[in-house]
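Chemist: Would you be able to build a 3D model of this:
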Amino acid sequence: MPLNSKPIVRNVRHFIDLSDLDGTTLRRVVDMAHAMKAAGKRPPPELKPEGIEDAILVMIFEKQSTRTRLSFDVAMRQLGGQTVGLNAADTQLGRGEPLSDTAKVLSRYCDAMMLRVNDHTTLTELAAHASIPVVNGLSDLSHPCQIVADLMTFEESRGPIKGATVAWTGDGNNVAASWVHAATRLGFKLRLACPPQLNPERAVLDWAKAEGGAVELTDDAGAAVADADCVVTDTWVSMGQADAPKRKQLLGPYSVDDKLMAQAKKDAIFMHCLPAYRGHEVSASVIDGPQSVVWDEAENRLHAQKAILAWCLGVN
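Modeler: Numbers count the residues shown, from 1 in each chain. Here you go, the predicted model:
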């Protein structure tokens, strides 16, 4: 082997979509996140990746970020490694360098890469050519890291999620898609209430059906929320979406207010991945009320990222 070459690493653990994991693996990652939180700022020795003190995580952002940027940065530091943060404009990706070339170069410099991207295919193409783990910090199709934090947040408040009922109301977006993946893998019921024009991608729903997932789709928010253990929503207008007035009109009936929350179980919790816009997708009385766990949810992004990185870097 030439002295300047790096061996190809087989079976690299990428974290692109929850659908890529089996139920046992996803369960393990969530359990690791619980353990990371319980341990505080330093991970338990058994969850600390070998050689983490010399490891570098490169983070690349095509979209603005608060929680994803900070949680991954702090997570890697708490594990014992280091980070390098870049915007897409800082790299040759912004000038059209092939993704395959970028993947090969970053694999020589770093030990893992996390990206927050516009196009999901950016992640899949990088993963196809990288010899280090690629982590999906958010794409147009999914947001798996958020859902790991949401799963642990649910379990902190309500116990094991298996067999529970989660209601999603609003846009059938990337976060909703990852909820579909999680429900199918971990055996809980998911009810999605969306305007028909903003339903989740048909491929996602077809995948859940083929895999035996208990996923229901309706256009009635009340029907979705009835007797649910948890109610979840998201912002109506994400970065880069130009049709804000139309979306707000379509999503108005799916706003989570006190009347809608009252149709869930008495001890139901409310979650939102943030940023939130009070008076739109959720009322102030709900998000700032006693059923809201959004601040625990936001904190849990940190512990979820530690678990995801540890798993990607070889912890079983």
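
Chemist: Residue ranges in the stretch 201-316 of the chain under the pLDDT threshold?
Modeler: For the stretch 201-316 of the chain, the stretches with pLDDT under 70 are 239-242.

Chemist: mind redoing it with 80?
Modeler: Along the stretch 201-316 of the chain, segments meeting pLDDT under 80 span 238-243.

Chemist: the helices in it, which residues?
Modeler: Applying DSSP state H, counting those that start in this stretch to the stretch 201-316 of the chain gives helices spanning 202-210, 221-225, 244-251, 258-261, 284-287, 294-312.

Chemist: Report all helices and strands that the fifth one contacts.
Modeler: The reference is to helix 284-287. Packing partners of helix 284-287 (3 or more C-beta pairs under 8 Å, 6 or more residues apart in numbering; DSSP states H and E): helix 258-261, strand 269-272. No exception for glycine: its C-beta is placed from N, CA and C like everyone else's.

Chemist: again, but for the first one
Modeler: Counting contacts by 3+ C-beta pairs under 8 Å, 6+ apart, helix 202-210 is packed against helix 174-186, strand 215-218.

Chemist: before we move on, the earlier item: which of the helices of the stretch 201-316 of the chain sits most buried?
Modeler: helix 294-312 (a mean of 24; mean count of other C-beta atoms under 10 Å).

Chemist: mind saving the C-alpha coords of it as PDB?
Modeler: Below are the C-alpha coordinates for helix 294-312, written out as PDB (Å, rounded to 0.1, in the frame of the first residue of the first chain):
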ATOM      1  CA  VAL A 294     -39.900  21.700  24.600                       C
ATOM      2  CA  TRP A 295     -37.000  22.800  26.700                       C
ATOM      3  CA  ASP A 296     -36.200  19.300  27.900                       C
ATOM      4  CA  GLU A 297     -36.500  18.300  24.200                       C
ATOM      5  CA  ALA A 298     -34.000  21.000  23.200                       C
ATOM      6  CA  GLU A 299     -31.600  20.000  25.900                       C
ATOM      7  CA  ASN A 300     -31.900  16.400  24.800                       C
ATOM      8  CA  ARG A 301     -30.500  17.200  21.400                       C
ATOM      9  CA  LEU A 302     -27.100  17.400  23.100                       C
ATOM     10  CA  HIS A 303     -27.400  14.000  24.700                       C
ATOM     11  CA  ALA A 304     -28.800  12.500  21.600                       C
ATOM     12  CA  GLN A 305     -25.900  13.800  19.500                       C
ATOM     13  CA  LYS A 306     -23.400  12.300  22.000                       C
ATOM     14  CA  ALA A 307     -25.100   8.900  21.600                       C
ATOM     15  CA  ILE A 308     -25.300   9.200  17.800                       C
ATOM     16  CA  LEU A 309     -21.600  10.200  17.500                       C
ATOM     17  CA  ALA A 310     -20.600   7.400  19.900                       C
ATOM     18  CA  TRP A 311     -22.500   4.800  17.900                       C
ATOM     19  CA  CYS A 312     -21.100   6.100  14.600                       C
END
